[in-house]
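1. fold the following and give me the result.
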Amino acid sequence: MSARRVVIVGGGISGLSIAEAISRKSEAEGRPVDVTVLESEAEPGGKIRTLQQDGFVVETGPHGFLDKEPEVFALTDRLGLADDLIQADESSAKRYIVRQGKLRLVPMKPSQGVFSDILPFFAKLRLGMEPFAKARPAHEETVWEFAARRIGKTAADVLVDAMVTGIYGGDPKALSLKSAFPRMYELESKYGGLVKAQMALAKEKKLLLAAGDGQDNLPKKPSSAPGQPTGTLHSYRHGLGQLTTALAERADVRYGFSAEGIDKAAAFDMFRVRGTGDAVEADAVVLTAPAFVSASLLAPHAPQVAEHFEQVPYSDISVVVQGFKLSDVPGGGDGFGFLAPHGEGRRILGSIYASSVFPPHVPEGMIMFRTLLGGARNAKMAAAGDAELLTAAKAELAQLGCVPEAATPVLQKVIRWPKGIPQYTMGHAERVAAADAVESTVPGVFVGGNGFRGVAMLACVGDAQKVADRVVTYLGKKD
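-> Below is the predicted model:
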């Protein structure tokens with residue numbers, strides 16, 4: 001019997017990780033599968049790519065990944081990249097929020113929050129009343145509604161707005177709490193509140209350590225401020241593109257192939273993926289392209305599912321990368337970077353001090369900023385011309401005291417991502433259910449990617465193994 005064939009539409013981190021997982025699992029079971037990845041662009045990685053320019057390591061998409069998903073490190077080992085793994089410099093632990101036109105240091109511990117100048121006194125008092133917040137309502141809550149109920153409107157407008165800006169480039173008054181931040185939803189469900197959850201988790205950790213289960217051998221993670229991601233950021237010596245390139249080198253990737261349709265030949269129980277004057281046949285198809293692309297491919301076979309997919313909105317993001325001589329920016333770029341809540345009225349969403357986070361990514365004597373513009377609430381800014389974006393980024397950095405106005409960039413790069421980040425808005429759970437239902441509605445077709453179950457690189461890699469398991473199980477039933 002010839003090997004079964006799988007076609008994956010999309011050569012981003014999801015598609016490439018699923019391809020690796022299918023090949024590994026099927027080989028382990030003694031039933032090798034031929035996997036072909038169809039990528040519309042001329043190179044792999046989707047939004048996770050790395051540019052090398054004049055000694056600068058420039059990320060086109062995410063800047064790194066947190067150490068919360070063991071599968072990413074297992075994947076790193078399998079690809080032989082362990083020696084190139086790097087973690088964020090300790091100096092990048094400091095994070096800032098723009099408040100009343102100035103950068104304010106985010107307190108990393110609750111005790112530091114008492115003296116922080118980010119929130120006014122009355123807002124701090126309200127924040128301290130979190131354990132006594134009203135119970136969750138029966139209806140689905142937005143992220144902002146949840147935050148306002150538990151920690152107060154001012155903290156929601158500042159702290160939580162900044163968090164949502166940093167992760168989704170989105171609007172906390174539009175995003176669903178349960179879908180966008182399921183961990184927060186789960187903590188309230190299980191422990192009754194955020195402070196109660198923090199206390200209970202700390203107690204559980206002590207019990208685990210006392211039981212001697214080996215947890216005390218794990219590296220200690222730094223404390224994080226409320227609303228800030230926990231864990232330590234990691235990357236590779238030559239950028240995240242090392243990961244996607246290594247995955248692509250192990251896969252059969254067909255570049256410049258834009259999938260235009262899927263035909264199903266019932267007599268042979270096969271699929272035929274058409275595109276760009278060619279076609280590829282397969283026993284199973286995995287869709288990891290953006291939701292609106294998958295919708296067009298599914299529409300002839302599952303129109304109701306396709307309608308749900310079309311309802312996933314995306315925010316437009318532009319990234320401006322600027323490098324300077326360190327001698328021209330004395331003391332600049334100290335910390336991880338800053339985020340600007342929408343209420344501040346800035347032209348930018350925030351900026352990452354890339355050279356402070358990963359010093360190996362810049363030449364000696366240089367400094368680099370990655371400034372984000374656009375987002376769900378300012379798509380017009382993301383679509384501005386290169387000159388306007390470069391000017392706006394530099395001006396905002398200067399106004400906030402990050403760089404002197406007279407400093408001249410030695411590196412400038414504009415990276416555009418129209419429809420760059422999916423937004424898990426109200427009702428997103430129904431879209432996820434529709435994605436899950438594809439496997440029963442159109443047997444042999446599976447859905448992955450960041451449009452439904454998590455936007456971060458960690459979520460995509462973690463979900464890849466689950467999708468691969470279902471694909472291999474399906475193929476096994478056909479033998």
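2. who touches stretch 250-265?
-> For stretch 250-265, contacts defined as CB atoms under 8 Å, 6 or more residues apart in numbering pick out 9, 11, 16, 19-20, 23, 34-44, 79, 270-276, 278, 280, 285, 289, 293, 297-298, 300-301, 442, 444-445. For the C-beta atoms, the positions are set from N, CA and C on the backbone; glycine is no exception.
3. just the residues you listed: which are in helices?
-> 16, 19, 20, 23, 293, 297, 298 (DSSP state H).
4. who wins for most neighbours among these?
-> The most crowded member of these, judged by other CB atoms under 10 Å, is residue 16 (32 neighbours).
5. wait, isn't that one in contact with residue 245?
-> No - using CB atoms under 8 Å, residue 16 is not in contact with residue 245, being 9.4 Å away.
6. tell me, what's touching those two both at once?
-> 44, 45.
7. please enumerate the helices of the stretch 101-250 of the chain.
-> Using DSSP state H, counting those that start in this stretch, the helices of the stretch 101-250 of the chain run over 110-113, 121-128, 143-151, 153-155, 161-168, 177-180, 182-191, 194-210, 241-249.
8. now do the third one against helix 161-168, angle only.
-> Okay, so that is helix 143-151. Going by axes from the mean of the first three to the mean of the last three CA atoms, to 10 degrees, helix 143-151 is angled at 140 degrees with respect to helix 161-168.
9. follow-up on the earlier one: make JSON lines out of the helices of the stretch 101-250 of the chain and add mean pLDDT, distance to residue 69 and mean neighbour count.
-> Shown next, in JSON lines, are the helices of the stretch 101-250 of the chain (pLDDT from 0 to 100; distance: least, CB to CB, whole Å; neighbours: other CB atoms under 10 Å):
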{"stretch": "helix 110-113", "mean pLDDT": "73", "distance to residue 69": "27", "mean neighbour count": "13"}
{"stretch": "helix 121-128", "mean pLDDT": "94", "distance to residue 69": "30", "mean neighbour count": "15"}
{"stretch": "helix 143-151", "mean pLDDT": "98", "distance to residue 69": "22", "mean neighbour count": "23"}
{"stretch": "helix 153-155", "mean pLDDT": "97", "distance to residue 69": "29", "mean neighbour count": "18"}
{"stretch": "helix 161-168", "mean pLDDT": "96", "distance to residue 69": "15", "mean neighbour count": "24"}
{"stretch": "helix 177-180", "mean pLDDT": "97", "distance to residue 69": "18", "mean neighbour count": "22"}
{"stretch": "helix 182-191", "mean pLDDT": "95", "distance to residue 69": "13", "mean neighbour count": "15"}
{"stretch": "helix 194-210", "mean pLDDT": "85", "distance to residue 69": "18", "mean neighbour count": "13"}
{"stretch": "helix 241-249", "mean pLDDT": "98", "distance to residue 69": "13", "mean neighbour count": "22"}
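10. of all the ones you listed, which lies closest to residue 436?
-> Taking CB to CB, helix 177-180 is the member of the helices of the stretch 101-250 of the chain nearest to residue 436, at 13.4 Å.
11. alpha carbons of that closest one, in CSV - could you do that?
-> The C-alpha trace of helix 177-180 is given here as CSV (Å, rounded to 0.1, in the frame of the first residue of the first chain):
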residue,chain,number,x,y,z
LEU,A,177,-12.6,37.4,28.2
LYS,A,178,-13.3,33.6,27.9
SER,A,179,-11.7,33.4,24.5
ALA,A,180,-9.0,35.9,24.6
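12. what residues does that helix touch?
-> For helix 177-180, contacts defined as CB under 8 Å, 6+ apart pick out 140-143, 145-146, 164, 168, 170, 184-185, 424, 428-429, 432.
13. can you pick out the most distant pair from the residues you listed?
-> Farthest apart among the contacts of helix 177-180 - using CB to CB - are 145 and 432, which lie 20.1 Å from each other.
14. in which helix or strand does residue 389 reside?
-> helix 386-399 (DSSP states H and E).
15. who are the packing partners of that helix?
-> strand 314-325, strand 350-352, strand 366-374, strand 411-422 (3 or more CB pairs under 8 Å, 6 or more residues apart in numbering; DSSP states H and E).
16. in the chain, which helix has the most residues?
-> Longest helix in the chain, counting by DSSP H: helix 457-478.
17. who touches the least confident helix or strand in the chain by mean pLDDT?
-> Ranked by mean pLDDT, DSSP states H and E, the weakest helix or strand in the chain is helix 110-113, scoring a mean of 73. Contacts to helix 110-113, defined as CB under 8 Å, 6+ apart, come from residues 107, 119, 124, 127, 226.
18. dump the residue contacts of the fourth one.
-> Residues in contact with residue 127, defined by CB under 8 Å, 6+ apart, are 113, 119, 151, 152, 155.
19. how about the first one?
-> Residues near residue 107 by CB under 8 Å, 6+ apart: 113, 115, 116, 118, 225.
20. again with the second one
-> Residue 119 makes contacts with 113, 127, 154, 155, 158, 159, as judged by CB under 8 Å, 6+ apart.
21. helix/strand/coil for residue 381?
-> helix (DSSP: H, G, I helix; E, B strand; the rest coil).
22. surely it and residue 392 touch.
-> Yes - Residue 381 sits in contact with residue 392 when judged by CB under 8 Å, with a separation of 7.4 Å.
23. quick check: neighbours shared by those two?
-> Joint contacts of residue 381 and residue 392 (CB under 8 Å, 6+ apart) are 347, 373.
24. thinking again about what came up before, out of the contacts of helix 110-113, which is nearest to residue 174?
-> The closest of the contacts of helix 110-113, once distances to residue 174 are taken by CB to CB, is residue 226, at 21.7 Å.
25. model confidence for the closest residue to residue 327 other than its chain neighbours, exactly?
-> The spatial neighbour of residue 327 that comes closest, neighbours along the chain excluded (CB to CB, 6 or more residues apart in numbering), is residue 365 at 7.0 Å. Predicted confidence (pLDDT) at residue 365: the value is 94.
26. also residue 221?
-> pLDDT, residue 221: 41.
27. ditto for residue 64
-> On the pLDDT scale, residue 64 gets 95.
28. for burial, what's the neighbour tally of it?
-> 22.
29. that one contacts residue 232, doesn't it?
-> No - counting by CB under 8 Å, residue 64 stays clear of residue 232, with 9.2 Å between them.
30. what's the overlap in contacts for the two?
-> Joint contacts of residue 64 and residue 232 (CB under 8 Å, 6+ apart) are residue 88.
31. let me see the domain layout of the protein.
-> 4-46+243-312+425-478, 63-91+314-422, 110-216 (automatic domain parsing).
32. just to revisit the earlier point, in TSV, list the helices and strands packed on helix 386-399 along with mean neighbour count and distance to residue 262.
-> Shown next, in TSV, are the helices and strands packed on helix 386-399 (neighbours: other CB atoms under 10 Å; distance: least, CB to CB, whole Å):
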stretch	mean neighbour count	distance to residue 262
strand 314-325	23	22
strand 350-352	26	39
strand 366-374	25	32
strand 411-422	18	21
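33. same list, those, but as JSON lines with distance to residue 260 please.
-> Compiled in JSON lines, the helices and strands packed on helix 386-399 are given as follows (distance: least, CB to CB, whole Å):
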{"stretch": "strand 314-325", "distance to residue 260": "20"}
{"stretch": "strand 350-352", "distance to residue 260": "37"}
{"stretch": "strand 366-374", "distance to residue 260": "29"}
{"stretch": "strand 411-422", "distance to residue 260": "18"}
